[in-house]
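Chemist: compute the structure for the input listed below.
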Amino acid sequence: MALLAQSDPAPAPSGGPRRTPRTIALVGIDGSGKTTQARVVAAELAATGIRAVYRQNAGGRHWFGRMATLVGRTDAEDLFGRRGALIVESVLRWLAIARNLVRRLAHREAAVMDRYAVCQYASLRAHGARPSAERFARLAYRLFPRPDVTFFLAVDPEIAQERIERRGYDTETMEYLRTADAAYRSLPEYPTFVVIDANGTPEQVTKAILAEIGQA
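Modeler: You can find the predicted model right below:
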């Protein structure tokens, strides 16, 4: 059922119309279009008079990957080791989410989140971390409320890889993209996601997301 959007993101009174979700999260594998869609959806909502903003919750993996190449390493895992890279990613994503939730409360805005806590759980699974690592992450991230709606951008790994190659600043193997997709779908939160077909054009994907929010 679509979520009816209003200009005031505050909760609706009992029996009243549904309001714009205060926290909208876009998640999915690399190349699914999370950043593009989060920016556009925030702009589209803002254009209707809703106080909506784009917020990024990156874990720094791409940034450290670029830094690694400058010092002769292949990627973040080569720079920090697999366990070290996952720890750094988990900490940076936690800090980003905490900062953005504080901003949301302070500014009374609707935050369109580019990634959220579930992205870290999926990353840990995709990188073969021990179950204890995910349990620890869940304890740390349990401070954060679940988004009002989480959109999972479902994309074929082949299409995702083509998009990653076109942007030109990083690479992902087909094996990892398939593993990451399976990791998201294995999460206990997955049944609560609103799955969006992200194989189409950016405009088609945006239209599908806005239709679910009630702004199409």
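
Chemist: only C-alpha atoms from now on, for both contacts and neighbour counts.
Modeler: Noted.

Chemist: so which residue is smack in the middle of the chain?
Modeler: Arg115 (1.8 Å; Cα atoms, centre = their mean).

Chemist: do I have it right that that one meets Ala58?
Modeler: Yes - counting by Cα atoms under 8 Å, Arg115 does reach Ala58; the two are 6.9 Å apart.

Chemist: can you show me the strands along the protein?
Modeler: Listed in chain order, the strands of the chain (DSSP state E) span 23-27, 52-56, 110-114, 149-154, 194-197.

Chemist: which of these sits most buried?
Modeler: strand 110-114 (a mean of 27; mean count of other Cα atoms under 10 Å).

Chemist: that strand vs strand 23-27, what angle?
Modeler: Computed by axes from the mean of the first three to the mean of the last three Cα atoms, to 10 degrees, the angle separating strand 110-114 from strand 23-27 equals 10 degrees.

Chemist: got TSV for the strands of the chain, with mean pLDDT and distance to Val102 too?
Modeler: As requested, these are exported to TSV (pLDDT from 0 to 100; distance: least, Cα to Cα, whole Å):
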stretch	mean pLDDT	distance to Val102
strand 23-27	97	12
strand 52-56	96	12
strand 110-114	96	11
strand 149-154	98	18
strand 194-197	98	25
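
Chemist: gap between Val195 and Lys207?
Modeler: Between Val195 and Lys207 the computed distance is 13 Å (Cα to Cα, to the nearest Å).

Chemist: list the buried residues in the longest helix anywhere in the chain.
Modeler: The longest helix of the chain (DSSP state H) is helix 82-107. Within helix 82-107, the residues that count as buried by 16 or more other Cα atoms under 10 Å are 83, 85-94, 96-98, 100-101, 104.

Chemist: packing partners of it?
Modeler: helix 76-80, strand 110-114, helix 117-126 (3 or more Cα pairs under 8 Å, 6 or more residues apart in numbering; DSSP states H and E).
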